[in-house]
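A.B. asks: how does the following fold in three dimensions:
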Amino acid sequence: VAFVVCRSLEGLKTFSYLEELILDNNLLGNDLRLPRLPHLHTLTLNKNQISFQRNTCKILLDHLAEVVPSLQYLSLLGNVACPNELVCKEKDEDDYQRYRYFVLHKLTNLKFLDTRKVTRREREEALVRGAFMKVVKPK
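C.D. replies: All right, here's what the predicted structure looks like:
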């Protein structure tokens with residue numbers, strides 16, 4: 001397990017057998033780039049600066065799918081990209097579910113997203129509609 005407080009993740013390339021990485025409470029954004037970590041199964045990015053601005057979250061999720069192919073647990077709580085009614089009054093459970101479908105569409109091997117286990121029904125829905133879920137309801 002590695003606990004890192006930083007803005008640069010350059011040094012992680014020397015830890016190719018890393019399995020768990022906790023990057024909570026940093027200033028990491030959608031431009032986050034990890035080296036290839038084929039054994040990484042757990043990644044937490046809670047309370048960073050990841051958002052759904054201009055397709056950049058899609059690029060980040062595509063990057064994660066490529067460099068961490070064994071990823072099974074991802075947590076993005078506390079980021080703008082993760083709509084949470086406890087953090088933002090304008091968001092509701094439907095917003096959060098759309099977010100889950102979109103992430104699961106991109107990261108098909110996830111077993112847990114945030115604090116919830118991925119269900120079979122969610123996985124099926126993500127395959128069918130996940131690509132269209134990145135846009136949340138208008139204000």
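
A.B. asks: what residue ranges in the chain score low on pLDDT?
C.D. replies: Counting by pLDDT under 70, the chain has low-confidence residues at 1-8, 54, 85-89, 133-139.

A.B. asks: at 50 instead, please
C.D. replies: 4, 135-139 (pLDDT under 50).

A.B. asks: can you give me the helices in it?
C.D. replies: 56-67, 93-106, 120-129 (DSSP state H).

A.B. asks: to Asn84, which of these lies closest?
C.D. replies: Closest approach to Asn84 among the helices of the chain is made by helix 93-106 (6.4 Å; Cβ to Cβ). For the C-beta atoms, the positions are set from N, CA and C on the backbone; glycine is no exception.

A.B. asks: alpha carbons of the closest one, as CSV, please.
C.D. replies: This file holds the C-alpha atoms of helix 93-106, laid out as CSV (Å, rounded to 0.1, in the frame of the first residue of the first chain):
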residue,chain,number,x,y,z
GLU,A,93,-29.5,9.8,-6.5
ASP,A,94,-30.3,9.8,-10.2
ASP,A,95,-27.3,12.0,-10.9
TYR,A,96,-25.1,9.6,-9.0
GLN,A,97,-26.5,6.6,-10.8
ARG,A,98,-25.9,8.1,-14.2
TYR,A,99,-22.3,8.8,-13.1
ARG,A,100,-22.0,5.1,-12.1
TYR,A,101,-23.2,3.9,-15.4
PHE,A,102,-20.7,6.1,-17.3
VAL,A,103,-17.8,5.0,-15.1
LEU,A,104,-18.8,1.4,-15.4
HIS,A,105,-19.1,1.7,-19.2
LYS,A,106,-15.5,2.9,-19.3
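
A.B. asks: tell me the angle of that helix relative to helix 120-129?
C.D. replies: Going by axes from the mean of the first three to the mean of the last three Cα atoms, to 10 degrees, helix 93-106 is angled at 70 degrees with respect to helix 120-129.

A.B. asks: mind giving me the packing neighbours of helix 93-106?
C.D. replies: helix 56-67, strand 112-113, helix 120-129 (3 or more Cβ pairs under 8 Å, 6 or more residues apart in numbering; DSSP states H and E).

A.B. asks: and the ones you listed: which comes nearest Leu77?
C.D. replies: Comparing the helices and strands packed on helix 93-106 under Cβ to Cβ, the one sitting nearest is strand 112-113, at 9.8 Å.
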